[in-house]
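In: Have a look at this prediction, sequence included:
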Amino acid sequence: MPVIRSADTRITTTPNGVMTTYASPTQGGTSAALWRVDMTPAHSTPYHAFEAEQIWTILTGSLTADLNGEKLTATTGDTVIFPADLPRQVHAHAETGFTAIVTAPAGARAYNPNAITPPDTCDMAPKEAERILPPWTI
């Protein structure tokens, strides 16, 4: 059983937050990835979908998520289950931002619903119909 030391975590920075990978296939795991999201206050993820269920537990702060047109709010201690293949966008609280622990199956890819790239998409996000493995999950 591998032990992933704190010094061996992998950090990925995007325009909206920081993902710290604790476990993934490249770190000794085989079936799941586990990472922390630290999202900057008043920032949002790109509008996207994910091929597999994701489970987010909010450690600090709060978020609002648009999940296939439904607004969800979660705060410290809450857990959000994002079903596979539903369009979503996560918005950090304007003053506090949030920190969450997230898990998903290894190998699941992110993509653009309807293969349309949102105009404010960062360089790390999928373009048009492509499906990508987010770096914090591999």
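Out: Okay, I see it.

In: Now residue 117: phi and psi?
Out: Per-residue torsions, residue 117: phi -80, psi 120 (degrees, to the nearest 10).

In: I'd like to know how many residues surround residue 83.
Out: Neighbour count for residue 83, taken as other Cβ atoms under 10 Å: 13. From N, CA and C alone the C-beta is placed, and that goes for glycine too.

In: quick one: pLDDT of it?
Out: Note on residue 83: pLDDT of 98.

In: shouldn't it be in contact with residue 51?
Out: No: under the criterion of Cβ atoms under 8 Å, residue 83 is not in contact with residue 51, lying 11.0 Å apart.

In: Residue 136: what's its closest spatial neighbour, skipping adjacent residues?
Out: Spatial nearest neighbour of residue 136, excluding adjacent residues (Cβ to Cβ, 6 or more residues apart in numbering): residue 19 at 3.8 Å.

In: what is the rounded mean pLDDT of the helix or strand harbouring that neighbour?
Out: Secondary structure assignment for residue 19, by DSSP states H and E: strand 17-23. The average pLDDT within strand 17-23 is 96.

In: do stretch 96-110 as well
Out: Stretch 96-110 carries an average pLDDT of 96.

In: what does stretch 42-54 give?
Out: Stretch 42-54 carries an average pLDDT of 95.

In: Which residues does that stretch contact?
Out: For stretch 42-54, contacts defined as Cβ atoms under 8 Å, 6 or more residues apart in numbering pick out 15-17, 39, 66, 81-95, 97, 102-105, 108-113, 118, 120-122, 125-126, 131.

In: Could you identify the buried members of the residues you listed?
Out: Buried by 16 or more other Cβ atoms under 10 Å: 16-17, 39, 66, 82, 87-88, 90-93, 97, 102-104, 108, 110-112, 125-126, out of those.

In: buried residues in the strand of greatest length in the chain?
Out: Counting residues, the longest strand found in the chain (DSSP state E) is strand 54-67. Of all the residues in strand 54-67, those buried under the rule 16+ other Cβ under 10 Å are 54, 56, 58, 61-67.
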